[in-house]
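Q: A structural model of the following input is requested.
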Amino acid sequence: MNYMNNKEQVATVISAALDNELTVAEVTEKLEQPKTSDLGDVAFPTFTLAKTMHKAPNMIAADLLAKIDQDAFEGVKAVGPYLNFFLKKGNFAATTLQAVLTQQADYGQQDLGKGGNVPIDMSSPNIAKPISMGHLRSTVIGNSLANILAKTGYNPVKINHLGDWGTQFGKLIQAYKMWGSEEEVKADPINKLLEYYVRFHQEDKEHPELDDAAREWFRKLEDGNEEATELWKWFRSESLKSFMKIYDELDVEFDSFNGEAFYNDKMAEVVQILEDKDLLHESKGAEVVDLEKYNLNPALIKKSDGATLYITRDLAAAIYRKREYKFAQSLYVVGAEQLNHFKQLKAVLTEMGFEWAKDIHHIPFGLITLNGQKLSTRSGRVVLLEDVLSDSTKLAMQQIEEKNPSLANKEQVAHQVGVGAVIFHDLKNERMNSFDFNLEEVVRFEGDTGPYVQYARARAESILRKANKTDFDLDNISIDDPAAWDTIKALSEFGATIKRAVAEYEPSVIAKYAINLARDFNKYYANSKILVEDDGLNARLALVKSVSIVLKESLRLLGVQSPDEM
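A: You can find the predicted model right below:
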């Protein structure tokens, strides 16, 4: 039994008391969770019935109380306009813990997606530039959404749509020809290529003719010139090797690395469809699709020199992905500054007659700032993700040395804690919120942090090791201890939490849930003697094991690992 079933239990008696004027589903929608357990476990607000019943809400609550069969509950109270239900703790605890211990890591799993494919466009760094903190959000939000979608019956397809094409490659080739050396690039590919790129932008302020030379190199690349193509391929493969080290650190894998270059030969079809449907119009020498009826600016498809643009490539990518994956939904985990671009993309696809455009969803997110400053590649103010992960791992190691110096596998645990802290910190923030990054705050073992949640789970595992308990009598796990109640209710809400996270494309829902469960468990641990040899020991340890299972699974959905010892 999960929390939703208990809501349905409440909804069923309310629906019956209302002579089925509201269905069980309609009542369930209106149910709330009181702020604290002493107010009840499930509350029904009667405001919405006042109009139809022509009565004051507090009168409706009192009338319903008189009609309700209260035997199934520990108590039911009418408090003002609310009808508050207190569930039978022992039964509730037993059914919740049985579900967790029977299903283990599958607890909370649902089949909302029926196996439908969901391509997720995520991470997508530019070739020949390092992966900076600016790429963290797209990578970890996309990865977590993939985990949450898989948990709810979808088949996620993680696509790293690499920025491996465009005029910046003309600039890079020109810079390399002027200042580069093969030995330098081989020794330190990403940093050297970035150095050339930043230098190009400094020099072209004084020498605008450099831009013309760069444009010429990019034209050669587009035309398949051998030297330009070989340099481009080399820059791409060296960059990917460097990227993979960081993805391995983050424990993120991809199903496809098809980037912008992959769609070069697929754009002609897009332009042809637009022409055939008479959607292209000339504007100042360029070709555009008019989107006035969507309250959007025209979509620029072709420049006056015939060059195609970013949106042309994205149209080709969307069509390719629909054919390749026959997707149920297609997600783009891309910063909020691209909001308009994706509105245009969907509008043009709709104009082209593709009704599946409605299944495309832009998943925007806010910025990370560092000490209040925006990160930027051109100015060279780049905070490398590799450095942040290395620093966070060192900080985790320092704390382990202070707290538990004899810990086995210290290096591995420090890595899991340090990297996990960075991922968790990103995902606990609602994705549209921007936030300032401060490493010391991120890797703390106290407060709303990843290490705090990991530590709560390690504590649960430590209790189980001390008790030397691996199997449980599932017929004897009824708990009436009020100190355990918030933890048990939190465990019961895991399925509903996952459902909400997938509906809102919001990993922070899971992260906040994990913090609250860890907090409830720590409070229980502080107030109850768990390892006492009495009749309740089996049930208490069953609760501890259930907490360990659900915390580990919550962290896994976020892409964070759970050490058994810390």
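Q: touching, Asn91 and Ser478? I think so.
A: Yes. Using C-beta atoms under 8 Å, Asn91 is in contact with Ser478, at 7.2 Å. Heads up, the C-betas are built off the backbone N, CA and C, glycines and all.
Q: ok, the two, which is more surrounded?
A: Ser478 (17 against 14; other C-beta atoms under 10 Å).
Q: give me the pLDDT value at the residue nearest to that one when sequence neighbours are not counted.
A: Excluding its sequence neighbours, the residue lying closest to Ser478 (C-beta to C-beta, 6 or more residues apart in numbering) is Gly90, at 4.0 Å. Gly90 carries a pLDDT score of 89 in this model.
Q: ok, Gly90 - contacts?
A: Ser478, Ile479, Asp480 (C-beta atoms under 8 Å, 6 or more residues apart in numbering).
Q: element containing it?
A: Here Gly90 sits within helix 89-103, counting by DSSP states H and E.
Q: if we go by neighbour counts, what in that helix is buried?
A: Lys89, Phe92, Ala93, Ala94, Thr95, Thr96, Leu97, Gln98, Ala99, Val100, Leu101 (16 or more other C-beta atoms under 10 Å).
Q: just give me the closest of the residues you listed to Arg431.
A: Nearest to Arg431 among the buried residues of helix 89-103: Val100, at 28.3 Å, using C-beta to C-beta.
Q: pretty sure that closest one contacts Leu491?
A: Yes. Judged on C-beta under 8 Å, Val100 makes contact with Leu491 at a distance of 6.0 Å.
Q: list residues touching both of those two?
A: With C-beta under 8 Å, 6+ apart, Val100 and Leu491 have common neighbours Ser546, Val550.
Q: on that earlier part again, helix or strand next in line after the helix holding Gly90, which one?
A: Heading C-terminal from helix 89-103 (DSSP H and E), you reach strand 117-121.
Q: where do the helices sit along the stretch 301-450 of the chain?
A: Along the stretch 301-450 of the chain, the stretches classed as helices by DSSP state H, counting those that start in this stretch are 310-325, 339-351, 385-403, 410-428, 439-442, 450-467.
Q: any chance of the ones you listed in a markdown table, with mean pLDDT too?
A: As requested, the helices of the stretch 301-450 of the chain are arranged in a markdown table below (pLDDT from 0 to 100):
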| stretch | mean pLDDT |
| --- | --- |
| helix 310-325 | 96 |
| helix 339-351 | 98 |
| helix 385-403 | 94 |
| helix 410-428 | 97 |
| helix 439-442 | 87 |
| helix 450-467 | 97 |
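Q: any idea which of those is most buried?
A: helix 410-428 (a mean of 23; mean count of other C-beta atoms under 10 Å).
Q: walk me through the domains of this structure.
A: Domain assignment for the chain, taken from automatic domain parsing, gives 3-87, 117-368, 401-558.
Q: quick one, which of these gets closest to Leu395.
A: Using C-beta to C-beta, the domains of the chain put domain 401-558 closest to Leu395, at 4.3 Å.
Q: next one: the closest one to chain centre, how far?
A: 18 Å (C-alpha atoms, centre = their mean, to the nearest Å).
Q: likewise stretch 288-300?
A: On C-alpha atoms, centre = their mean, the centre of stretch 288-300 falls 31 Å from that of its chain.
Q: mean confidence (pLDDT) on it, please.
A: 96.
Q: which parts of that stretch are buried?
A: Quick answer for stretch 288-300 (16+ other C-beta under 10 Å): Val288, Val289, Leu291, Leu296, Pro298, Ala299, Leu300.
Q: outside of the strand or helix carrying Leu172, which residues touch it?
A: Secondary structure assignment for Leu172, by DSSP H and E: helix 167-179. With C-beta under 8 Å, 6+ apart as the test, helix 167-179 has contacts from 126-128, 185, 193, 196-197, 199-201, 210-211, 213-219, 221, 228, 231-232, 235.
Q: burial count for Gly447?
A: 10.
Q: who touches it in this structure?
A: Glu441.
Q: again, 6 Å this time
A: By C-beta atoms under 6 Å, 6 or more residues apart in numbering, Gly447 lies in contact with nothing.
Q: same deal with Ser330?
A: Pro119, Arg321, Ile360.
Q: got it, and Ala483?
A: Ala483 touches Tyr524, Asn527, Ser528, counting by C-beta under 6 Å, 6+ apart.
Q: other residues contacting the helix-or-strand element of the chain with minimal mean pLDDT?
A: Least confident helix or strand, the chain: strand 373-374 with a mean of 72, by mean pLDDT, DSSP states H and E. The contact list for strand 373-374, computed with C-beta under 6 Å, 6+ apart, is empty.
Q: over to stretch 385-400?
A: 131-133, 136, 246, 249, 407, 410, 414-415, 417-419, 421-422, 439, 443.
Q: shaky segments in the chain?
A: 1-5, 307, 375-381 (pLDDT under 70).
Q: for Glu287, see how far away Phe243 is.
A: From Phe243 across to Glu287, the span is 35 Å (C-beta to C-beta, to the nearest Å).
Q: ok, back up a step: and the helix holding Gly90, C-alpha only, in CSV?
A: Extracted C-alpha coordinates of helix 89-103, given in CSV (Å, rounded to 0.1, in the frame of the first residue of the first chain):
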residue,chain,number,x,y,z
LYS,A,89,-0.5,3.6,12.4
GLY,A,90,0.2,0.0,12.8
ASN,A,91,-1.6,-1.2,9.7
PHE,A,92,-0.2,1.7,7.7
ALA,A,93,3.4,1.0,8.8
ALA,A,94,3.1,-2.7,8.0
THR,A,95,1.7,-2.3,4.5
THR,A,96,4.3,0.5,3.7
LEU,A,97,7.3,-1.5,4.9
GLN,A,98,6.1,-4.7,3.3
ALA,A,99,5.9,-2.9,0.0
VAL,A,100,9.4,-1.5,0.3
LEU,A,101,11.1,-4.7,1.5
THR,A,102,9.3,-6.9,-1.1
GLN,A,103,10.0,-4.6,-4.1
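Q: how many residues are close by the nearest residue to Pro130 once chain neighbours are set aside?
A: Closest residue to Pro130 apart from its sequence neighbours, by C-beta to C-beta, 6+ apart: Ile190 at 4.6 Å. Per other C-beta under 10 Å, the neighbour tally for Ile190 reads 22.
Q: rewinding a little: chain center to the least confident helix or strand of the chain: distance?
A: 23 Å.
Q: and stretch 385-393, by the same measure?
A: Using C-alpha atoms, centre = their mean, the offset of stretch 385-393 from its chain centre is 20 Å.
Q: leaving out chain neighbours, which residue sits closest to Lys326?
A: Using C-beta to C-beta, 6+ apart and skipping residues adjacent in sequence, the residue nearest Lys326 is Asn117, 6.4 Å away.
Q: quick check, Trp485 in a strand?
A: No. Going by DSSP: H, G, I helix; E, B strand; the rest coil, the assignment for Trp485 is helix, not a strand.
Q: okay, now it: neighbour count?
A: Trp485 has 19 nearby residues by other C-beta under 10 Å.
Q: can you report phi and psi for the residue nearest to the spatial centre of the chain?
A: Geometric centre of the chain, nearest residue: Ile141, 3.3 Å, by C-alpha atoms, centre = their mean. When read as degrees, to the nearest 10, the backbone of Ile141 gives phi -70, psi -50.
Q: relative to Leu427, how far out is it?
A: Counting by C-beta to C-beta, the gap from Ile141 to Leu427 is 7 Å.
Q: tell me which residue of this structure is furthest from the middle?
A: Largest centroid distance in the chain under C-alpha atoms, centre = their mean is Ala66 at 45.8 Å.
Q: so it is in which element?
A: With DSSP H and E as the criterion, Ala66 is inside helix 57-67.
Q: can I get that helix as CSV, trimmed to CA atoms?
A: What follows is helix 57-67 as a C-alpha-only set of coordinates in CSV (Å, rounded to 0.1, in the frame of the first residue of the first chain):
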residue,chain,number,x,y,z
PRO,A,57,-17.5,25.1,4.8
ASN,A,58,-17.3,24.4,8.6
MET,A,59,-21.0,23.2,8.6
ILE,A,60,-20.2,20.9,5.6
ALA,A,61,-17.2,19.5,7.5
ALA,A,62,-19.4,18.8,10.6
ASP,A,63,-22.2,17.2,8.5
LEU,A,64,-19.7,14.9,6.7
LEU,A,65,-18.2,13.9,10.0
ALA,A,66,-21.6,12.7,11.2
LYS,A,67,-22.1,10.5,8.0
